Every structure is written in structure tokens, then in C-alpha cells.
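Undergrad: A predicted structure for the sequence below; I have some questions about it.
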Amino acid sequence: MSKKITLITLALAFISWTAFAQSISTADTLYTGVAGGAVDVVGHGTVDNTFNQVKNYEWTRNEIAITDGWQSAVCDKNLCYIPTVNTQEFTMGPLEAGATLDVHVYPNGTSEGSALIEVVITDAANANNTTVGYYAFDSSITGTQNPSQALFKVYPNPSSGLFTIEGDADIEFVYLYNASGQLLKGFRYGSLSVEWYDIAELPQGTYTLQLIGADYRILGSKLITRL
């Protein structure tokens, strides 16, 4: 299963997320299992250029969370890069579709663990034309799947400041990140008598909720929009 990232012009970046929701995936994370003894695990992604012209883009890899000892790297349509390369430009032809944008993780002998990798795609000529893809790797799942819609529900979304989470897995913590992968807030799940979480002080925009279970295992992630 591939994660498809669609590039479109966002005049207000993600501030007006709801206006463009029909054109961008809701960014459910692509989940890839990590088998015991694996040396190189790949989350297969693609990217489309929806413009009828040649465009130069730049991808930036952010390791939101990764098990100690693991490494990650990106392969784009041109090359596979070593883990120390965090950003690179690439060119796409008019209406070119299905260009490779894979994320690799290297467990380096540590078979049990997880990683959540964010890849931000930006138009080199217009920083407001940007979108984000998420790739999750976990030794507790098999193969490639996308269970986040079934497991978790975040509502109301978009939110004017308060939201809650329902899920059928054991959530311990909820972390909130901005589009650059910076941790903004953390919540202890279920520690309140009413499980409502407050993000009213944050600027309007779209943020990533990371759901964490026992032993800090990544259970999933969701986007939430602050109106």
C-alpha cells in the first residue's frame, strides 16, 4: 500500500484546511510492520505534480519519534539517500504522477520498536505550497496497513479549542506537534474526569496528534485542525 501525497496550491497553507480537504488526503498514517531480524524496512509512498508545468519541490524528513538505535532515510524519484541527508530538492514534469517517495528504517539489530517519520513536501518557488506525509513503522503489526481510522476517532475536528478522542486501544499519552515536527503539548490520556483536551491557545492551523500506548509504543496519529 502506498501513501499518495498530492501537491496543490494552498494560498493560506494549512490555515484554511477545510476549504481544501477534498484535495488533500486526511493524512492517515501509512503503517508498515517491522519483522524480527529486519535490516531494511520500507514504507512505500508516491507524490504527484498536479500542475501542468515543470515544478521543483523539496522534501524534508523529520523523525517525530524513533526507537533508540534505529535510523531512517528517504528514497525519492532520483536517489536513495543516507540517514544524514534530511532534505533534498527534486524536479517533476508537468502532471507527473506516481513519483517515488519512500521512507526506509534500519533497525540495526533492534527488532522491537517503532518510528513515526514526517516528510514535508514544499514547492521550492512558493513556500505556501506545502503538504505532509506520515510513515509509521511498528514491530507489533504485520505487513502494511492503515488502521488509524478504525481505531481512533477525534472530534470535533475541526475544533474551536476543545476536542476528545475515542479508541479501542489502550492510549496512555497524547502528543501534539506542529507541521515542523515540534512538540507543542502533551496530555495524559484518561487523567481527566471528562476527557476533553484544550488547544484554544494555539494559532489557527493543522496539527498532528500522536497517540502513545504502553512502553511508549506509537498507536497511531491523526490530524486536527484548530479553527
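TA: The structure has been received and is ready for your questions.
Undergrad: Please report phi then psi for the residue positioned nearest the centre of the chain.
TA: Geometric centre of the chain, nearest residue: residue 134, 2.3 Å, by CA atoms, centre = their mean. When read as degrees, to the nearest 10, the backbone of residue 134 gives phi -120, psi 140.
Undergrad: right, and it touches residue 115 too?
TA: No. Using CB atoms under 8 Å, residue 134 is not in contact with residue 115; the gap is 10.8 Å. Yep, even glycine has a C-beta here, placed from its N, CA and C like the rest.
Undergrad: Okay, domains of this protein per the record?
TA: Per automatic domain parsing, the structural domains of the chain span 3-145, 148-226.
Undergrad: Need these in JSON lines (columns: mean pLDDT).
TA: Shown next, in JSON lines, are these (pLDDT from 0 to 100):
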{"stretch": "domain 3-145", "mean pLDDT": "76"}
{"stretch": "domain 148-226", "mean pLDDT": "77"}
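Undergrad: Beyond the helix or strand containing residue 100, next helix or strand please.
TA: Residue 100 is part of strand 99-106 when elements are defined by DSSP states H and E. Using DSSP H and E, the next helix or strand after strand 99-106 towards the C-terminus is strand 114-123.
Undergrad: Let me know the angle separating that following strand from strand 99-106.
TA: Strand 114-123 and strand 99-106 meet at an angle of 150 degrees, taking axes from the mean of the first three to the mean of the last three CA atoms, to 10 degrees as the criterion.
Undergrad: Show me what strand 114-123 pairs with in its sheet, parallel or antiparallel.
TA: Strands adjacent to strand 114-123 in the sheet, as given by DSSP bridges, are strand 55-66 (antiparallel), strand 126-138 (antiparallel).
Undergrad: Contacts for stretch 85-100 next, please.
TA: With contacts defined as CB atoms under 8 Å, 6 or more residues apart in numbering, stretch 85-100 is touched by 45-62, 73-79, 81, 124.
Undergrad: Among the residues you listed, the buried ones, what's the ChimeraX command?
TA: Remark: buried members of these, expressed as a ChimeraX selection using 16 or more other CB atoms under 10 Å:
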select :45,46,47,48,49,51,55,57,59,60,61,62,73,74,75,76,81
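Undergrad: before we move on, what SS does the residue nearest to residue 51 when sequence neighbours are not counted have?
TA: Nearest non-adjacent residue to residue 51, counting by CB to CB, 6 or more residues apart in numbering: residue 94, 6.8 Å away. Following DSSP: H, G, I helix; E, B strand; the rest coil, residue 94 is assigned to coil.
Undergrad: Can you report how many residues lie near residue 94?
TA: Residues lying near residue 94 (other CB atoms under 10 Å) number 11.
Undergrad: Would you tell me which of the strands paired with strand 114-123 gets closest to residue 172?
TA: strand 55-66 (13.5 Å; CB to CB).
Undergrad: any idea of the angle the following helix or strand past the closest one forms with strand 99-106?
TA: Beyond strand 55-66 on the C-terminal side, the first helix or strand identified by DSSP H and E is strand 71-76. Between the axes of strand 71-76 and strand 99-106, defined by the same axes, to 10 degrees, the angle is 160 degrees.
Undergrad: Which residue is the nearest non-sequential neighbour of residue 218?
TA: Once flanking residues are discounted, residue 218 sits nearest to residue 114: 4.6 Å by CB to CB, 6+ apart.
Undergrad: for residue 129, that is, sorry about that
TA: residue 123 (3.6 Å).
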